[in-house]
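Q: let me see the structure of the following:
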Amino acid sequence: MLPSSTSALGKWAVCDIVSIVLAACLLAPGIAGAASLDSEAARRIGPHPSAAPLRIIAPLQGPMAHRILKQVRIVPFTLTHDSPLLLQGNTLDRLNAKHKQEIKATYEAGHVVVLLEASMRHIRSLHAITGEGVSYRSKDTGVVTAYALRRENYTPTAVLLTAVDRSPLKTSSGDPDATGLEDEELALSRAVARTLSELTRTPQTGTPVQPRDPSGQVNWLSTPLMTTTFAINSPQGVYNTGVNVFSLYRCLDQTDHYAVTAGADWTATNAKWQGATSETPNPSMVLDSNNNLVINWQDNRTYCSSGGAFGGFDDVCRYINYPLSYQLTMTPLVESPVTQLDASPAATQGQATSYTSGFSFSIGGTVNVTAKGPGGGISLGATWNNTVQTTVPPLIVEASNTGNEGVAWDFKYCTVGLEPDPGVDCTSHVQMVKDVCQAQLGDTLGTNPQQGQTPTGKFSSAIQSAHWQQASSARQGSTFDMEVSFQARTANTIAHLNANGYPDPIQGCNAFNCGCVSVTTPNPVVKSFTFEIPFPSTTCQ
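A: Got it, this is the predicted structure:
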């Protein structure tokens, strides 16, 4: 029996239910008029029979969908909520009641719901359907590559994959650099792999909730309102920032409390040395027929020294896609008074390979914790302890306050060499050259660049935390808005190792090809999201 809905989306879904053959459904009118060519191509190729099963509600399109559909097994759309769901973001605008019920049931069963090419509005709609989690807005992100939402141990858990930006690498004529195009393709492949990992994740719904004694204290740290990983698969590297949001109401003094933690997992995936030479018989740096310089970059450090005073050729060398520093800020975006009670890590700790972050505190009196899990609801007080010592590459950690009781952290790499920046205590760029008669470019001992500035290095397990308080009488609107911004200041450093300017027109050395300098171009990767945190319940009994 057909459902009462006669919408095009409803017809498509009915068709999918009664037929395993997807193509038979694609003639239904209304959704993009016809089947996506990407979906059709993926169906013709056909995934392996053992591939992960996946339900879709409407045809999918775009480069992400094309690649994903080749690696999963499409099964008929049913109302059994026994497998993940994959939707195009704009499909949420045309769902009928049964689709919404099934999305919510799938989420509650612990299976992931993934949106492709979703806007912040689409993400907000998904959270409205599930009835859980925190929505966002962003001043620099429109449509995301993918958004995966699941319930894990009663906590709404999301992964937001930002769109793949263009590489900043350019040729001497301003065209896209070949390495940059490869980096963009790698970034898209990583985004596909990350989405597939979410689609194939085993549900972790948690054990049945046991009645909890409201006269005991609750571990607030174990009851996040929402967990979100902002995954940036950039041509300059992989930058994951996991953010946990917490809220509770303290009955004794009628105050709202909010806490945010952020964990970095940032890797200079695409950082590498490259070089080229005009030396014959196999030059990799030449002038084309239009007298334009063409550099065929080689992935090695072979050409990271000049040809010397009597060299009849030019060399050029660069270290690309590496981080100078990482920065994270948390700022309340509310007009009413708010007080920052604590933040960690604390102020500058000097250059070190380890630092202490986190803090511990307790909130006495009756509290109402906002959470779906066993820690949610009324308790006689709350405790918190996330103090941890973290091992990192050699860094200077600087902490400061921002507007409206916000807090900022800056993690700076500190390189050593003969090209320090004047007037600062930490030079972050790769100090490639100063006098190539004295030493080869870079540091062959492996200390320049720093470990975290190389593909084998990683900046991870670093936790930043902050705790705010606001009088509940000062509430405005319906949410407490908290902006979390993160920035990876990446760079490309290049040295032109010649003195004659042919074929490379930039003369980077002195007349003896001995004293040289390098040039660093910063290319920051910046993203910012505002959490719209619902006010905690004021119920106290």
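Q: partners of residue 399 in the sheet?
A: The partner list for residue 399 in beta bridges (DSSP bridges) reads residue 409.
Q: ok, it - contacts?
A: Applying C-beta atoms under 8 Å, 6 or more residues apart in numbering to residue 399 gives the contacts 343, 345-348, 407-410. Yep, even glycine has a C-beta here, placed from its N, CA and C like the rest.
Q: how does it look with 6 Å?
A: By C-beta atoms under 6 Å, 6 or more residues apart in numbering, the residues touching residue 399 are 345-347, 409.
Q: for this structure, which spans come out with low pLDDT?
A: Within the chain, the segments meeting pLDDT under 70 span 1-52, 208-212, 348-349, 434-446.
Q: tell me, what residue is most central in this protein?
A: residue 231 (2.1 Å; C-alpha atoms, centre = their mean).
Q: contacting residues for that residue?
A: Taking C-beta under 6 Å, 6+ apart as the test, what residue 231 contacts is 159, 161, 194, 240.
Q: out of these, which are inside helices?
A: The helices, defined by DSSP state H, take in residue 194 from the contacts of residue 231.
Q: how about the strands in the stretch 101-250 of the chain?
A: 113-119, 135-137, 143-152, 155-161, 218-219, 226-234, 237-250 (DSSP state E, counting those that start in this stretch).
Q: make TSV out of those and add distance to residue 307.
A: Shown next, in TSV, are the strands of the stretch 101-250 of the chain (distance: least, C-beta to C-beta, whole Å):
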stretch	distance to residue 307
strand 113-119	50
strand 135-137	54
strand 143-152	45
strand 155-161	45
strand 218-219	65
strand 226-234	35
strand 237-250	32
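Q: looking at these, spot the one closest to residue 335.
A: Nearest to residue 335, of all those, is strand 135-137, at 16.4 Å by C-beta to C-beta.
Q: re the thing from before, could you measure from the residue nearest to the centre of the chain over to residue 321?
A: Plainly put, residue 231 is 17 Å away from residue 321 if you go by C-beta to C-beta, to the nearest Å.
Q: hmm, back to that, scan the contacts of residue 231 and report the most crowded one.
A: residue 161 (26 neighbours; other C-beta atoms under 10 Å).
Q: next up, the contacts around that residue.
A: Residue 161 sits next to 145-146, 191, 231 when contact means C-beta under 6 Å, 6+ apart.
Q: try 10 Å this time
A: 64, 114, 116, 118, 144-148, 190-192, 194-195, 198, 229-233, 240 (C-beta atoms under 10 Å, 6 or more residues apart in numbering).
Q: where do the domain boundaries of the chain fall?
A: Per automatic domain parsing, the structural domains of the chain span 8-197, 209-270+321-534.
Q: these into a markdown table, with extra columns for distance to residue 287?
A: As requested, the domains of the chain are exported to a markdown table (distance: least, C-beta to C-beta, whole Å):
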| stretch | distance to residue 287 |
| --- | --- |
| domain 8-197 | 11 |
| domain 209-270+321-534 | 5 |
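Q: and the ones you listed: which comes nearest residue 293?
A: Closest approach to residue 293 among these is made by domain 8-197 (4.7 Å; C-beta to C-beta).
Q: helices of the stretch 251-400 of the chain, residue ranges please.
A: For the stretch 251-400 of the chain, no helices turn up when DSSP state H, counting those that start in this stretch is the criterion.
Q: run through the strands of it in chain order.
A: 255-267, 272-277, 285-287, 293-295, 315-332, 339-344, 351-357, 360-369, 377-385, 388-402.
Q: can you tell which of those is closest to residue 485?
A: Nearest to residue 485, of the strands of the stretch 251-400 of the chain and by C-beta to C-beta, is strand 315-332 at 4.7 Å.
Q: contact partners for the residue sitting furthest away from the middle of the chain?
A: Largest separation from the mean C-alpha position in the chain: residue 310, at 48.9 Å (C-alpha atoms, centre = their mean). When contacts are counted by C-beta under 10 Å, 6+ apart, residue 310 touches 512-513.
Q: how close does it get to residue 147?
A: 60 Å.
Q: and the nearest residue to residue 335 once chain neighbours are set aside, how many neighbours?
A: Closest residue to residue 335 apart from its sequence neighbours, by C-beta to C-beta, 6 or more residues apart in numbering: residue 476 at 6.3 Å. Counted with other C-beta under 10 Å, the neighbours of residue 476 add up to 12.
Q: now swap in the one 4 residues further on and tell me
A: Residue crowding around residue 480 was assessed by other C-beta under 10 Å; the count is 24.
Q: got the angle for the helix or strand it falls within vs strand 388-402?
A: Using DSSP states H and E, residue 480 falls within strand 479-497. Angle of strand 479-497 versus strand 388-402, following axes from the mean of the first three to the mean of the last three C-alpha atoms, to 10 degrees, is 100 degrees.
Q: am I right that residue 90 sits in a strand?
A: No. Applying DSSP: H, G, I helix; E, B strand; the rest coil, one finds residue 90 to be helix, outside a strand.
Q: ok, back up a step: nearest to residue 298 among the domains of the chain would be which one?
A: Of all those, domain 8-197 comes closest under C-beta to C-beta, at 10.4 Å.
Q: distance from the closest one to the middle of the chain?
A: 18 Å (C-alpha atoms, centre = their mean, to the nearest Å).
Q: so the helix or strand just after the strand holding residue 480 versus strand 155-161, what angle?
A: Next helix or strand after strand 479-497 toward the C-terminus (DSSP H and E): strand 519-534. Here strand 519-534 points in a direction 150 degrees away from that of strand 155-161 (the same axes, to 10 degrees).
Q: what helices or strands is strand 519-534 leaning on?
A: Packed against strand 519-534, as judged by 3 or more C-beta pairs under 10 Å, 6 or more residues apart in numbering; DSSP states H and E, are the following elements: helix 120-130, strand 135-137, strand 226-234, strand 237-250, strand 255-267, strand 315-332, strand 479-497.
Q: show me which residues of it are buried.
A: Of all the residues in strand 519-534, those buried under the rule 16 or more other C-beta atoms under 10 Å are 520, 523, 525, 527-533.
Q: how about those residues in CSV, adding distance to residue 513?
A: Formatted as CSV, the buried residues of strand 519-534 follow (distance: C-beta to C-beta, whole Å):
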residue, distance to residue 513
520, 21
523, 29
525, 35
527, 43
528, 46
529, 49
530, 53
531, 55
532, 59
533, 60
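Q: out of these, who's nearest residue 102?
A: Using C-beta to C-beta, the buried residues of strand 519-534 come closest to residue 102 at residue 532, 25.8 Å.
Q: and that closest one, what does it touch?
A: By C-beta under 10 Å, 6+ apart, the residues touching residue 532 are 120, 124, 127, 134-137, 333, 477-482.
Q: excluding its backbone neighbours, what's nearest it?
A: Counting by C-beta to C-beta, 6+ apart, the residue nearest residue 532 is residue 479, at 4.1 Å.
Q: which strand residues bridge the one you found?
A: Counting by DSSP bridges, residue 479 forms beta bridges with residue 534.
Q: next, count neighbours for it.
A: Neighbour number of residue 479 under other C-beta under 10 Å is 17.
Q: same thing with the one 4 residues further on?
A: For residue 483, the count of nearby residues is 20 (other C-beta under 10 Å).
Q: next one: it from residue 473, what distance?
A: For residue 483, the distance to residue 473 (C-beta to C-beta) stands at 23 Å.
Q: one more: residue 53?
A: 51 Å.
Q: those two: which has the busier surroundings?
A: residue 53 (14 against 9).
Q: what's the strand or helix carrying the more buried one packed up against?
A: Following DSSP H and E, one finds residue 53 within strand 52-56. Where contact means 3+ C-beta pairs under 10 Å, 6+ apart, strand 52-56 is packed against helix 8-18, helix 63-69, strand 72-74, strand 85-88, helix 178-199.
Q: which one of those is the most hemmed in?
A: strand 85-88 (a mean of 24; mean count of other C-beta atoms under 10 Å).
Q: same for it, what does it pack against?
A: Against strand 85-88 (3+ C-beta pairs under 10 Å, 6+ apart) you get strand 52-56, helix 63-69, helix 97-108, strand 113-119, helix 120-130, helix 178-199.
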